[in-house]
Structures are given as C-alpha cells and as structure tokens.
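*Asks:* next one to model:
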Amino acid sequence: MANELVGKVAGVTGAASGIGLATVEAMITAGARVVLIDRDEPALQRACDRLGKAAIPLVIDLLNPQSCASLLSGVLDKAGQLDIFYANAGSYIGGDLIEADDVGIDRMLNLNINAVMKNIRDVLPHMIERGTGDIVVTGSVAGHFPVSWEPVYAASKWAINCFVQTVRRQVNKHGIRVSAVSPGPVLSALLADWPEENLKKAKESGSIINPCEVADAVMYILTRPRHVTIRDMIVLPSAFDM
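*Replies:* Take a look at the predicted model:
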C-alpha cells in the first residue's frame, strides 16, 4: 500500500498502543501524516520519536469534556487538515453484570460511545466543507453477536454499530465514507480485563489476532476507490468459535 495515502492527514485515537499504533504505522507507510491522539503522553512521545516526522503527537483525554472538545482544533493546529479520522480508543468490562461497578460502567460507556459520537460530530463539519473524508470506528464482533460474558461491553458496541450505520447514511451525500472494523479478540491491553480462563483458552487455541491484522483491515477500507464503501468488516481469528 505504499504511497496510497500520500497527501492525506489522519487522526487516530488510542494511538499510543495496540490497534491504534499498528494502524498509525500502516498509514505512515502508505504516505500519510498522522496525528496520534492519546492521553498517555510518555507512550505517545515514544511512538512519535520512533516513527519520525510523519507522526504528530496530540495529548487528549477523551473522558475530559474540555479536552475531548479540543480534538479537531488540535489536529488542525498541528497538521492543517483532516482527511481520515479513526475513532479507535475504547475500554472493556467483562464478566457478570452484577459485578460491574458504577464508575467502570460510566467510564466505559463514555469512552466507547459518547466520546466517539462527540468526536465524529466535531470533525464532520470540516469534512463536509471539504467535500470528502473517511471516518472509521473500531467496533467489535461483540457488536454483532450477544457475547454472554461481556454484556456492558457488547452493549456499547451494538450502540456504536447502529451509530456508524445511521451516520453513514446521513453524510454519504457529502462525499464522506463512514465504516466500522469489528475485530474478534485482539492481543492488546484491552484483554487485561478478560476472565483469566477465557484468555488462557483463547491463547492455547489460537483464537486471538494481532493488532497489525486489524490495521490491515482498516487500510483496506481506506484504500478502496471513492465510490466504494466497506460498510462493516468483521475480522476474526480463524479458530474463534463465534
């Protein structure tokens, strides 16, 4: 995919690690400048130092309303435009619902749903004015199938799947594509809250994919001809039983 994103500026949330960082690396390889958006400033700086001048750090805490609202202005100040927005940041709660605490539920729903909606709402006027743009959201296979051991997380991804599909219909007339990539289990920090038994079984059976494999799917979405939209791509480990 060399040079397919030359001249493009992308903004990626949750960019300091995992799927976000792998996608940043793929975008830069394809010629884009990428604004890496994350609240972890040290990890963000390490990533940008390694990736070079095409990687631009932007420290934002998406759970802080004022910080979250500064995303578009921050990107424009640092890069001048925004062609691609990848709403990737998210968190996870698994286990029985009765064991979930109020703070954890609120935090996850705010990050997985509210911040995504606000960020996309804020970047859309810029893209509409320019008459072009790509928006990709990290969903989950849990947004397509009721995974019994993660009712709170799955509910957030069902909500965001609906959001992606409705917004896509609103803005496609403006030349803006809206897509979701929905992975199965990915070897990243997000699985830290998985039940230990489930994680062990998944590793032993090869039912986990790597972040770079999700990044490949995002790049496929972004590099289709402009008249083609990949509405939703589900990316699963071949051994994953779902």
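*Asks:* check which helices and strands the helix or strand bottoming out on mean pLDDT in the chain sits against.
*Replies:* In the chain, no helix or strand scores lower on mean pLDDT, DSSP states H and E than helix 196-205, which sits at a mean of 71. For helix 196-205, there is no helix or strand it packs on, judged by 3 or more CB pairs under 8 Å, 6 or more residues apart in numbering; DSSP states H and E. Just so you know, the C-beta spots here come from the backbone N, C-alpha and C atoms, and that holds for glycine as well.
*Asks:* show me what the following helix or strand past that helix is in contact with.
*Replies:* As assigned by DSSP states H and E, the chain's next helix or strand after helix 196-205 is helix 211-222. Helix 211-222 is contacted by residues 1, 4-5, 18-19, 21-23, 25-27, 30, 84, 86, 134, 136, 138, 179, 181, 183, 186-188, 230, 233, 235 when judged by CB atoms under 8 Å, 6 or more residues apart in numbering.
*Asks:* now for the helix or strand just after helix 211-222, which elements pack on it?
*Replies:* Going down the chain from helix 211-222, the next helix or strand is strand 232-235, by DSSP H and E. The helices and strands touching strand 232-235, judged by 3+ CB pairs under 8 Å, 6+ apart, are helix 151-171, strand 176-183, helix 211-222.
*Asks:* check which residues of the second one are buried.
*Replies:* What that stands for is strand 176-183. Within strand 176-183, the residues scored as buried using 16 or more other CB atoms under 10 Å are 176-183.
*Asks:* now the least confident helix or strand of the chain - C-alpha only, PDB.
*Replies:* Extracted C-alpha coordinates of helix 196-205, given in PDB (Å, rounded to 0.1, in the frame of the first residue of the first chain):
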ATOM      1  CA  GLU A 196      -8.400 -15.500  33.000                       C
ATOM      2  CA  GLU A 197      -9.800 -18.800  31.900                       C
ATOM      3  CA  ASN A 198     -11.200 -17.300  28.700                       C
ATOM      4  CA  LEU A 199      -7.900 -15.700  27.900                       C
ATOM      5  CA  LYS A 200      -5.900 -18.800  28.500                       C
ATOM      6  CA  LYS A 201      -8.200 -20.900  26.300                       C
ATOM      7  CA  ALA A 202      -8.000 -18.300  23.500                       C
ATOM      8  CA  LYS A 203      -4.200 -18.200  23.500                       C
ATOM      9  CA  GLU A 204      -4.000 -22.000  23.600                       C
ATOM     10  CA  SER A 205      -6.400 -22.400  20.700                       C
END
